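**Student:** Quick one: sequence plus predicted model below, questions after.
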Amino acid sequence: MSRHYFVGSGIASLAGAAFLIRDAGVPGQDIVVFEASPGFGGALDARGSAATGYHMCGSRMFAGQDACTFDLMESIPSVSNPHISVNEERRRASAGRGATRLRLVAPRGQAAKAWATGLSERHRDGLVQLLRAPESALLGQRIVDCFDEDFFSTAFWLEWSTPFALRRWHSAAEWRRYLRRHTGHLGAHADADDIHRTRFSPYESLALPLQRWLAAQGVRFQMRALVADVGVADDPHALQVTALHLIEDGLARRHDLEDGDRVFITLGSMAADTTFGSMIEPAPLSPGHAPATDAWALWRRLALQRPGLGNPQAFSGSVNDSQWTSFTVTTDDPSFLALLARFRDNVGRQGELIRFNGSGWLLTLALYPQPFFVEQPDSVSVWWGYGLAHDRPGDLVRKPMRECTGAEILEEVLFQLQSPERERENLLAASNCIPCTMPYVTSPFMPRAAGDRPPPVPAGSRNLAFLGQYVELAEETALTIEYSVRSAQAAVYALLGVDRPLPAVRVDDDVPEAMVERLVNAAQWTPS
């Protein structure tokens, strides 16, 4: 009987195991998931309590066209209500959310006025040229290679870079995908109609229901089991994994594969070497790969053994360009949400982004429907934020955000809101701000060459497939849950011969001039 092995327990592996059962008819007891850490979920890591403070790497949003993810979520029972699906839970949450039209905070804590894109004719021509170029012509180029310096001070660039975590040195080819995939996104973004979130944290609303459903089907999760290497058959014309080399509780063992067994490996990790700080300590940048849990090491070994298996160095080789700092705040003082009431149409229910225009750190906050965690007390609020320019000094705290304690980050946020000094002191005393540093969080955006991302099923593979943010999927935009889920669906269908088409990736394929006109019109924003 064939066995199916997953390396890693992030959303890609969880989704892959679900597609194996649901669409390929594989019995759950024939699936094993190996995970080097003690917990599953990968970057969907939200944890904590009201007493110790909640914390997580990042926030997650969905666009209305995330067809693979919504298709998967339709099959999985919700944790909060097992009689409905995760997708139905999301729909109900979205239906009761309402709209948030005013989401920009101008300098000195004022509501942002209407603004235009700031694009010159030269900038518009540059966008047309970017969209007109085939992706192959942009591989290896950075966004900054395609525009002059003035472009990066426009409101248009600010509107695109902050929600999607894009920096000027990121891939021009990837940004072209975002522009084509989300041409109408910014117009809808203004009133949140096309933005979707899970009801609770993505860990509790997506990773946990998936894991519980898989476990109920008989899937085995072997935690603290690192797949350090794989044995590959000595055949230059075919790619076949023959063994998994495991390290479990410090002990090495070899697991030989039988005919018909298959292996699914999540390549790399956005969440590798993530660190957390506290109110009195910053989240340090990890000094390097931890040998016991290095999520990049297996890919490096595979790429050295065989051509056509990608180039991990393209994504993991420049930590200074791929890191960021985020933070999660837990508080039992309601005055912070009251501070934001003048910027929100839908107090208490909305869950969108609020950006501080012109702040030194380019701060953005994500305010969720409460409670955000299933066990969160009614008296406690949780919110999350990040600084895209974490390497610059703040406006009150005059040092880079990545060097700041939780208390210093919270002080800067309250300063941006111009909260009264007494109120600021009370909020600091009643809040727990936990900073987070992720060295590789935007690594999927790093400039890449042809072949740096391998296909989900490499050429000549008999039993090996790849999953996650670093495989090549035509048209789809990286750094999203949809990318991971689609990669898993593509890998399972191709390796097992599932005769079912994947949902199409919806992109705007109109002429570039018309696309730029729509982009410009969408980004010219007016508050309600």
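**Tutor:** All right, it came through fine.

**Student:** I'd guess residue 178 is in a helix, am I close?
**Tutor:** Yes. Assessed with DSSP: H, G, I helix; E, B strand; the rest coil, residue 178 lies in a helix.

**Student:** Setting aside sequence neighbours, what's the nearest residue to it?
**Tutor:** Nearest residue to residue 178 in three dimensions, chain neighbours excluded: residue 477, at 5.2 Å (CB to CB, 6 or more residues apart in numbering). In this view, the C-beta of every residue, glycine as well, is placed from N, C-alpha and C.

**Student:** do residue 28 as well
**Tutor:** Residue nearest to residue 28 in three dimensions, not counting chain neighbours: residue 217, with 3.0 Å by CB to CB, 6+ apart.

**Student:** what's the burial count for the one you found?
**Tutor:** 17 (other CB atoms under 10 Å).

**Student:** Kindly confirm whether my reading is correct that it touches residue 22.
**Tutor:** No. With contacts counted by CB atoms under 8 Å, residue 217 stays clear of residue 22, the gap being 9.5 Å.

**Student:** quick one on the thing from earlier: ok, the residue nearest to residue 28 - contacts?
**Tutor:** 21, 27-29 (CB atoms under 8 Å, 6 or more residues apart in numbering).

**Student:** Any of those buried? List them.
**Tutor:** Burial by neighbour count, judged by 16 or more other CB atoms under 10 Å, picks out 21, 28 from the contacts of residue 217.

**Student:** give the contact list for the residue nearest to residue 178.
**Tutor:** So residue 477 contacts 174, 177-178, 181-182, 483 (CB under 8 Å, 6+ apart).

**Student:** Ok, residue 486 next?
**Tutor:** 68-69, 473, 476, 502, 505.

**Student:** Compare those residues and tell me which has the most neighbours.
**Tutor:** residue 69 (26 neighbours).

**Student:** hang on, it packs against residue 481?
**Tutor:** Yes. Using CB under 8 Å, residue 69 makes contact with residue 481 at a distance of 5.6 Å.

**Student:** Residue 395 versus residue 157, what's the distance?
**Tutor:** Residue 157 sits 20 Å away from residue 395, going by CB to CB, to the nearest Å.

**Student:** So those two - more neighbours on which side?
**Tutor:** Higher neighbour count among residue 157 and residue 395: residue 157, with 21 against 17, using other CB under 10 Å.

**Student:** May I see the buried residues of the longest helix anywhere in the chain?
**Tutor:** As assigned by DSSP state H, the longest helix anywhere in the chain is helix 481-496. Buried positions in helix 481-496, judged by neighbour count with 16+ other CB under 10 Å: 481-493, 495-496.

**Student:** Could you do stretch 456-466 as well?
**Tutor:** Applying 16+ other CB under 10 Å to stretch 456-466 flags 456-458, 461, 463-466 as buried.

**Student:** Same check on stretch 329-344?
**Tutor:** Within stretch 329-344, the residues that qualify as buried are 329-331, 333, 336-337, 339-340, 343-344, counting by 16+ other CB under 10 Å.

**Student:** Then stretch 368-385?
**Tutor:** 368-373, 376, 380-385.

**Student:** Quick one: mean pLDDT over it.
**Tutor:** Averaged across stretch 368-385, pLDDT comes to 89.

**Student:** Now do the end-to-end distance for it.
**Tutor:** End-to-end distance of stretch 368-385 (CA to CA, to the nearest Å): 11 Å.

**Student:** beta partners for residue 265?
**Tutor:** Going by DSSP bridges, residue 265 is paired in beta bridges with residue 7, residue 466.

**Student:** That one against residue 471, yeah?
**Tutor:** No. The criterion here is CB under 8 Å, and residue 265 misses it with residue 471 at 10.0 Å.

**Student:** Among the buried residues of stretch 368-385, find me the one that's closest to residue 35.
**Tutor:** Relative to residue 35, the closest of these is residue 373; by CB to CB it sits at 22.2 Å.

**Student:** For the helix or strand hosting residue 5, which helices and strands make contact with it?
**Tutor:** Counting by DSSP states H and E, the element that carries residue 5 is strand 4-7. Counting contacts by 3 or more CB pairs under 8 Å, 6 or more residues apart in numbering; DSSP states H and E, strand 4-7 packs against helix 11-24, strand 31-35, strand 262-266.

**Student:** Rebuild the ones you listed as CSV, extending it with distance to residue 354.
**Tutor:** Shown next, in CSV, are these (distance: least, CB to CB, whole Å):
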stretch, distance to residue 354
helix 11-24, 26
strand 31-35, 35
strand 262-266, 33
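
**Student:** Adding mean pLDDT as columns, could you present the ones you listed in TSV?
**Tutor:** TSV is the format used below for the helices and strands packed on strand 4-7 (pLDDT from 0 to 100):
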stretch	mean pLDDT
helix 11-24	97
strand 31-35	97
strand 262-266	97
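
**Student:** Which parts of the stretch 1-150 of the chain are helices?
**Tutor:** For the stretch 1-150 of the chain, applying DSSP state H, counting those that start in this stretch gives helices covering 11-24, 67-73, 86-95, 121-132, 135-138.

**Student:** Between these, which one is closest to residue 256.
**Tutor:** helix 11-24 (21.2 Å).

**Student:** after the longest helix of the chain comes which helix or strand?
**Tutor:** Using DSSP H and E, the helix or strand that follows helix 481-496 in sequence is helix 512-523.

**Student:** ok so, going back, which residues does the strand holding residue 5 contact?
**Tutor:** 13, 16-17, 20, 26, 30-34, 227, 244, 257, 261-266, 298, 467.

**Student:** How far off centre is that strand?
**Tutor:** Distance of strand 4-7 from its chain centroid, counting by CA atoms, centre = their mean, to the nearest Å, is 22 Å.

**Student:** Repeat that for stretch 57-70.
**Tutor:** Offset of stretch 57-70 from its chain centre (CA atoms, centre = their mean): 9 Å.

**Student:** and what of stretch 423-433?
**Tutor:** 29 Å.

**Student:** Equivalent analysis for stretch 463-474, please.
**Tutor:** Taking CA atoms, centre = their mean, one finds stretch 463-474 lying 16 Å from the centre of the chain it belongs to.

**Student:** what mean pLDDT does that stretch have?
**Tutor:** With pLDDT averaged residue by residue, stretch 463-474 scores 96.

**Student:** Start the count at 37 instead of 1 going forward.
**Tutor:** Happy to do that; since the first residue is 37 now, the last one works out to stretch 499-510.

**Student:** Just the C-alphas of it, formatted as CSV.
**Tutor:** Output of stretch 499-510 as CSV, limited to C-alpha atoms (Å, rounded to 0.1, in the frame of the first residue of the first chain):
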residue,chain,number,x,y,z
ASN,A,499,7.4,10.3,-6.7
LEU,A,500,8.6,13.8,-5.6
ALA,A,501,6.6,17.1,-5.6
PHE,A,502,7.3,20.5,-4.1
LEU,A,503,4.9,22.9,-2.3
GLY,A,504,4.9,26.4,-0.9
GLN,A,505,5.9,29.9,-1.8
TYR,A,506,9.0,29.0,-3.8
VAL,A,507,7.5,26.8,-6.5
GLU,A,508,6.6,28.3,-9.9
LEU,A,509,2.9,28.9,-10.5
ALA,A,510,2.0,30.9,-13.6
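
**Student:** sorry, back to before: can you lay out the buried residues of stretch 365-380 as a markdown table showing distance to residue 460 and secondary structure?
**Tutor:** Formatted as a markdown table, these follow (distance: CB to CB, whole Å; DSSP: H, G, I helix; E, B strand; the rest coil):
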| residue | distance to residue 460 | secondary structure |
| --- | --- | --- |
| 365 | 14 | strand |
| 366 | 17 | strand |
| 367 | 13 | strand |
| 369 | 11 | coil |
| 372 | 10 | helix |
| 373 | 15 | helix |
| 375 | 10 | helix |
| 376 | 14 | helix |
| 379 | 18 | helix |
| 380 | 20 | coil |
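
**Student:** Check those residues and tell me the two furthest apart.
**Tutor:** 366 and 379 (21.3 Å).
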